[in-house]
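Student: predicted model and sequence below, questions to follow.
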Amino acid sequence: MSDRAAKLVSRLRKGIEKTVEAFGSLESGEWDVVVYAEPYPWNARDLLAHFVSAEAGLLELAQDVAAGGPGTPEGFDYDEFNAREQRRLAHAPREQLLDDLIAARQATLKRVETLEETALDRRGYHPALGEITVEAFLNAIYGHQLMHIRDLVRVVDRAKATALPAS
């Protein structure tokens, strides 16, 4: 495994640990706090479902680019993709979603561990970031979750602060 791939693996492992820790620290009522209101309300469970589908989808796109493909197809609508995936995963229990996310990250790690150095420099289209390298694609998988986890923690902390009784 190249040094670049090893750094990506390390970063992706740290990222999933932070993600699992954040979801594991949620108390029962905190799962219902709305993290995003637009384009439709997403609570913590919806965010977890989003991570499951995004991890698999982004890995598939990164693999396509690594193999010389274009990545995201022209006309791809990620809001529609997210809505469709939320419907598909609507009845999956949180515990299953967390297990599925961990399994998806393991698949990502395995793929990164086997990537040739030259594949990291291939360019293709990411659904939100446009044309980027495979290395940037994989870094985006890491950053995507941490960005959303930051928002989740902020919203939960704000909800806790407003729920505290006055002294």
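Tutor: That came through fine.
Student: any idea what Tyr125 is bridged to?
Tutor: The residues paired with Tyr125 through beta bridges, assigned by DSSP bridges, are Gly71, Glu131.
Student: for it, which residues are in contact?
Tutor: 61, 65, 70-72, 131-132 (Cβ atoms under 8 Å, 6 or more residues apart in numbering). All C-beta atoms are positioned from the backbone trio N, CA, C, and that covers glycine.
Student: let me see the ranges of the helices in the protein.
Tutor: For the chain, helices defined by DSSP state H occupy the ranges 3-24, 44-66, 78-88, 94-114, 134-163.
Student: how about these in JSON lines, adding mean pLDDT, mean neighbour count and distance to Ala37?
Tutor: Conversion of the helices of the chain to JSON lines gives the following (pLDDT from 0 to 100; neighbours: other Cβ atoms under 10 Å; distance: least, Cβ to Cβ, whole Å):
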{"stretch": "helix 3-24", "mean pLDDT": "95", "mean neighbour count": "16", "distance to Ala37": "20"}
{"stretch": "helix 44-66", "mean pLDDT": "94", "mean neighbour count": "21", "distance to Ala37": "12"}
{"stretch": "helix 78-88", "mean pLDDT": "90", "mean neighbour count": "14", "distance to Ala37": "14"}
{"stretch": "helix 94-114", "mean pLDDT": "95", "mean neighbour count": "17", "distance to Ala37": "21"}
{"stretch": "helix 134-163", "mean pLDDT": "92", "mean neighbour count": "17", "distance to Ala37": "10"}
